[in-house]
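K.L.:
here's a sequence, model it:
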Amino acid sequence: MNRTFLAVVNPAAGGGRCGKLVGPALMRLRDGGIKVDVVETSGQGQATAIVRDALIKGYQKFIAVGGDGTSYEIVNGFFPNAENAFRPTLAFLPLGTGNSFLRDFSDRGVDFALEAILAQRSRPCDVLQMKHRDGVIHYINLLSMGFTADVAAMRAVRFSGWGELGYQAAIFISLARFKRRPFPLSVDREAQIDRRPCLFLTFNNSKFTGGTMMIAPWADVNDGLIEYVRWGPIGRTTLIRNLSTLYDGTHINHPAAERRAVRRVDFHLDSPVDVMVDGEVLSIWCQTLEVLPSAINIVV
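P.N.:
Just a heads-up that it's a prediction; the model follows:
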């Protein structure tokens, strides 16, 4: 058993900011008595392969050094190997552009994350598992489709590295292309399939996305449930008037909004759709979403 943390560093995160700041952050951990080995990634998906190999070598504790995308890749590295006798532990050094997951616990970013590691604070965390036509993905923050995925795709293509300003720019460009469409699904094995058009759907484990947007204010990372938020087919003007409510969570009070806490979602799609999952944009043919209760530990 290896009790040393393996820090998986994405030096390109945050427009290269991560690579410049990681040295002092790791030094602070080592000065505090934390043993840390370091490996850097150089391409998309590499962190997943690194973690799978590290698990075989006996590592149990990992630090995601970057943004939400880095922790997403690490979480996918835990599976399908998480049938081990131990529960893997994930800590964070949020040096990337988007760090939504940690926002559930603090808005102090790096300082909070360092304090949590030094104090060796940890708690169980659910992992959400999406099975699709070509495989399976795992995540700890959220998966969304519709307008929210359109915004994430726009930001990734045109405003990567712009931080919060990039999200704002992507929102307003996506407004010009405004789409409302159905994503047929059923929940908890109910017979009825919901085929209503909507603006967006999100399937959440934690509260925030886009850094500061509280998309699922009732979400809890260790309740064994998927927080499912749906916003109906509102118009462009109504969305503009209510954009601010996405940041304080009051959008769920809108008459067109719905939220449910569920254990399973079955999708009845006839083609792949764009999704935003923990900061990454994918096109997948969604089939089944379920919860893996308390599947990992998080350091927060």
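K.L.:
give the buried residues for stretch 261-273.
P.N.:
Along stretch 261-273, the positions that meet the burial threshold by neighbour count (16 or more other CB atoms under 10 Å) are 261-262, 265-267, 269, 273. Yep, even glycine has a C-beta here, placed from its N, CA and C like the rest.
K.L.:
next one: stretch 224-240
P.N.:
Residues of stretch 224-240 classed as buried by neighbour count (16+ other CB under 10 Å): 225-231, 234, 239.
K.L.:
could I get the residues you listed as TSV with secondary structure and pLDDT?
P.N.:
Converted to TSV, those look like this (DSSP: H, G, I helix; E, B strand; the rest coil; pLDDT from 0 to 100):
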residue	secondary structure	pLDDT
L225	coil	98
I226	strand	98
E227	strand	98
Y228	strand	98
V229	strand	97
R230	strand	96
W231	strand	92
I234	coil	85
L239	helix	84
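K.L.:
possible to save the residues you listed as CSV with distance to A152?
P.N.:
Written out in CSV, the entries for those read as follows (distance: CB to CB, whole Å):
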residue, distance to A152
L225, 24
I226, 19
E227, 18
Y228, 18
V229, 16
R230, 18
W231, 16
I234, 19
L239, 16
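K.L.:
would you confirm that A54 contacts Q60?
P.N.:
No: using CB atoms under 8 Å, A54 and Q60 do not qualify as a contacting pair, with a distance of 9.1 Å.
K.L.:
in its sheet, which strands sit next to the longest strand anywhere in the chain, and in what direction?
P.N.:
Ranked by residue count under DSSP state E, the longest strand found in the chain is strand 286-298. Take DSSP bridges as the rule and strand 286-298 pairs in its sheet with strand 89-94 (parallel), strand 123-132 (antiparallel), strand 264-267 (antiparallel).
K.L.:
point out the most buried one among those strands.
P.N.:
The highest mean neighbour count among the strands paired with strand 286-298 belongs to strand 89-94 (a mean of 26), with neighbours defined as mean count of other CB atoms under 10 Å.
K.L.:
okay, now the unreliable bits of the chain?
P.N.:
In the prediction, the chain carries residues with pLDDT under 70 at positions 1, 81-85, 98, 160-161, 163-164, 167, 176.
K.L.:
which stretches in it count as helices?
P.N.:
In the chain, the helices defined using DSSP state H lie at 17-31, 46-56, 68-78, 109-119, 147-158, 164-176, 236-242, 245-248.
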